[in-house]
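S.K.: how would this look folded up:
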Amino acid sequence: MKIHLIAIGGSAMHNMALALHHKGYEVSGSDDAIFSPSKERLDKHGLLPKEIGWFPEKITSELDAIILGMHAREDNPELIKSKDIGIPIFSYPEYIYEQSKNKKRVVIGGSHGKTSITAMILHVLQNLNVNCDYMVGAQLEGFDTMVKLTPDASLIILEGDEYLSSPIDRRPKFHLYQPNIAVLSGIAWDHINVFPTFEMYVEQFRIFKNMVSDTLIYCSEDDELNNLATEKTKCKLIPYSTPNHTIKDGISCVNNTELLIFGNHNLQNMNAALLVCKELGISKEDFLKQISTFKGASKRLELVKKTQDSAIYKDFAHSPSKLKATSSAMKKQFTNRKLVACMELYTFSSLNEGFLRQYKGCMDEPDTAIIYYSSKAIAHKRLELITKEQVYTAFDREDLLIFTNSEDLENHLKNLNWKNKNLLMMSSGTFDGIEFEKLIT
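M.R.: Here you go, the predicted model:
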């Protein structure tokens, strides 16, 4: 098979390229920008394009398929050439399904926790030597790639994102996987550039729920999911919630099993992963034994650095519900330390004046709350500039600190007294390149 990936440099796309390469396919690709670590990983396997840019001459009738990444645009010259000569064009999730339609498909959906739940399941399955394919949205310890596609595995674990499939396919990704077993972790409005109303957003999860053939595992602590659960469905429904647990000396414990993860949201995620594994024939005892060594997915309450008196954690949190959950987890886990929480407004939703009001009260729990955003990110997304006054009003916290220059934020954090304080950095971006490790000494 000869496969060409348009926008091969993306986080998901370059992992797809590696997975197909490992499967023995002949893989090529193009992109107008490729950054680390995609660049180095593609180069290691001889898949890095020799030149940056789009080259229609790469598109020939010898290709069996095109995989189109979200980074490409509808007027991409390689895409146009592919259409002209009639090569089959797949979105990323379409091709995942094409590779897994004869397997048992487990799909993890929800506005939050998808990556963590998927990672927990994969950690347990790998430790128990259960052969499976997978696709997950973060690099995991002990896994070479974020995607694995083989001819022999009868099971695949898929993180199911609700965002669009490709520039020419406006369906949410998780609508394409046709799950046998599925998880829904919660519904909290996001991606307002695609789903301008909450009702439209919820409808995507209703459609997904109705696609599940066997079992849907859902969080019963989420009101919207409880509403969906009352509607007619063809599959078995299994609710889950936060398990009973204790916290002693900064360590969370469930069923006498000490865990490396913490926070109610992570314990909920663990319960979801447990129920999936039970559906796959794994006992609770075996699950707990293996989950005790799970350190967490990348950028999900990930420890960056710790000293005797303080620690830095980073998290992918950017939506209101995620900010609340992550901040609460830090406060409950470290009761003897104050929390400085810093959040970057970076996504389309968070930088939208109309959506900002959704953040009211979500940064109340930290002892010090800081918001950062840059005019550069707003300009890149072609949005209207928001003001500090709008941010103050939205978060509704009188002592909220707001920075719009990364150097000013960095200097402020470096000059704080970090004795008995923790720092939590939350963003789906990078705070414009701030090196977190250097913020505390």
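S.K.: For the protein, which helix extends over the most residues?
M.R.: helix 264-279 (DSSP state H).
S.K.: Return the set of buried residues in that one.
M.R.: 264-277, 279 (16 or more other CB atoms under 10 Å). Backbone N, C-alpha and C define where each C-beta goes, glycine included.
S.K.: Report all helices and strands that it contacts.
M.R.: Contact partners of helix 264-279 among helices and strands, from 3 or more CB pairs under 8 Å, 6 or more residues apart in numbering; DSSP states H and E: strand 104-109, helix 114-127, strand 181-184, strand 215-219, strand 236-240, strand 251-254, helix 284-291, helix 320-333.
S.K.: got these as a markdown table, with mean pLDDT columns?
M.R.: Shown next, in a markdown table, are those (pLDDT from 0 to 100):
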| stretch | mean pLDDT |
| --- | --- |
| strand 104-109 | 98 |
| helix 114-127 | 97 |
| strand 181-184 | 98 |
| strand 215-219 | 98 |
| strand 236-240 | 98 |
| strand 251-254 | 94 |
| helix 284-291 | 98 |
| helix 320-333 | 93 |
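S.K.: So for F355, which of the ones you listed sits nearest?
M.R.: With CB to CB, the closest approach to F355 among the helices and strands packed on helix 264-279 belongs to helix 320-333: 9.2 Å.
S.K.: Domains in the protein, by residue range?
M.R.: Recorded structural domains for the chain (assignment: automatic domain parsing) are 2-87, 95-291, 302-438.
S.K.: Mind listing the residues bridging to R105?
M.R.: In this entry, R105 is beta-bridged to I156, by DSSP bridges.
S.K.: and it, how many neighbours?
M.R.: 24 (other CB atoms under 10 Å).
S.K.: What distance do you get for it to T197?
M.R.: Distance, R105 to T197, by CB to CB, to the nearest Å: 30 Å.
S.K.: ok, now S283?
M.R.: Applying CB to CB to S283 and T197 gives a distance of 44 Å.
S.K.: which stretches of the chain have low pLDDT?
M.R.: Within the chain, the set of residues satisfying pLDDT under 70 is empty.
S.K.: show me where it has helices.
M.R.: 11-22, 38-44, 77-85, 92-100, 114-127, 198-211, 223-229, 264-279, 284-291, 320-333, 353-356, 375-380, 388-395, 406-414.
S.K.: Deepest-packed of the ones you listed, please.
M.R.: Mean neighbour count (mean count of other CB atoms under 10 Å) peaks for helix 114-127 among these, with a mean of 25.
S.K.: which helices and strands does that helix pack with?
M.R.: strand 104-109, strand 155-159, helix 264-279, helix 284-291.
S.K.: If we use 10 Å, what do you get?
M.R.: Helix 114-127 sits against strand 104-109, strand 133-135, strand 155-159, strand 181-184, helix 264-279, helix 284-291, with contacts defined as 3 or more CB pairs under 10 Å, 6 or more residues apart in numbering; DSSP states H and E.
S.K.: right, so of the ones you listed, which gets closest to Y218?
M.R.: strand 181-184 (4.5 Å).
S.K.: Packing partners of that closest one?
M.R.: Taking 3+ CB pairs under 10 Å, 6+ apart as the contact cut, strand 181-184 packs with strand 104-109, helix 114-127, strand 155-159, helix 198-211, strand 215-219, helix 223-229, strand 236-240, helix 264-279.
S.K.: can you tell which of these is closest to V391?
M.R.: helix 198-211 (21.4 Å).
S.K.: circling back: distance to Y97 for the helices and strands packed on helix 264-279 - can I get that in CSV?
M.R.: Converted to CSV, the helices and strands packed on helix 264-279 look like this (distance: least, CB to CB, whole Å):
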stretch, distance to Y97
strand 104-109, 8
helix 114-127, 16
strand 181-184, 14
strand 215-219, 18
strand 236-240, 22
strand 251-254, 35
helix 284-291, 28
helix 320-333, 28
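S.K.: thinking I402 is in contact with V391, fair?
M.R.: Yes: counting by CB atoms under 10 Å, I402 does reach V391; the two are 5.5 Å apart.
S.K.: any common contacting residues for those two?
M.R.: 345, 371-373 (CB atoms under 10 Å, 6 or more residues apart in numbering).
S.K.: Who wins on neighbours among those residues?
M.R.: Y372 (27 neighbours).
S.K.: OK, contacts around L351?
M.R.: By CB under 10 Å, 6+ apart, the neighbours of L351 are 193, 345, 373-374, 377-378, 380-381, 383-386.
S.K.: Including distance to N210, could the residues you listed go into TSV?
M.R.: As requested, these are exported to TSV (distance: CB to CB, whole Å):
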residue	distance to N210
N193	25
L345	34
Y373	38
S374	41
A377	36
I378	37
H380	36
K381	33
L383	34
E384	37
L385	41
I386	37
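S.K.: Tell me which two in these are the farthest apart.
M.R.: Maximum distance among the contacts of L351 (CB to CB): 18.3 Å, for N193 and S374.
S.K.: higher neighbour count, those two?
M.R.: Neighbour count, other CB under 10 Å: between N193 and S374, S374 has more, with 20 against 16.
S.K.: Skipping its backbone neighbours, what lies nearest the more buried one in space?
M.R.: Closest residue in space to S374, ignoring its immediate chain neighbours: D432 at 5.7 Å, by CB to CB, 6 or more residues apart in numbering.
S.K.: How many residues are close by that neighbour?
M.R.: When counting by other CB under 10 Å, one arrives at 18 neighbours for D432.
S.K.: pretty sure it is touching N405, no?
M.R.: Yes: between D432 and N405 there is a contact under CB under 10 Å: 8.7 Å.
S.K.: and stretch 303-316, how far apart are its ends?
M.R.: 12 Å (CA to CA, to the nearest Å).
S.K.: same check, this time on stretch 430-441
M.R.: First-to-last residue span, stretch 430-441, CA to CA: 20 Å.
S.K.: Only the buried residues of that stretch, if you could.
M.R.: 431-432, 434, 436, 439-440.
S.K.: May I see these organised as JSON lines, with distance to Q358 added?
M.R.: Formatted as JSON lines, these follow (distance: CB to CB, whole Å):
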{"residue": "F431", "distance to Q358": "21"}
{"residue": "D432", "distance to Q358": "24"}
{"residue": "I434", "distance to Q358": "25"}
{"residue": "F436", "distance to Q358": "26"}
{"residue": "L439", "distance to Q358": "28"}
{"residue": "I440", "distance to Q358": "31"}
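S.K.: just these now: which is nearest I87?
M.R.: D432 (39.3 Å).
S.K.: Which of the helices of the chain sits closest to E141?
M.R.: helix 114-127 (8.5 Å).
S.K.: Right, I'll leave it there.
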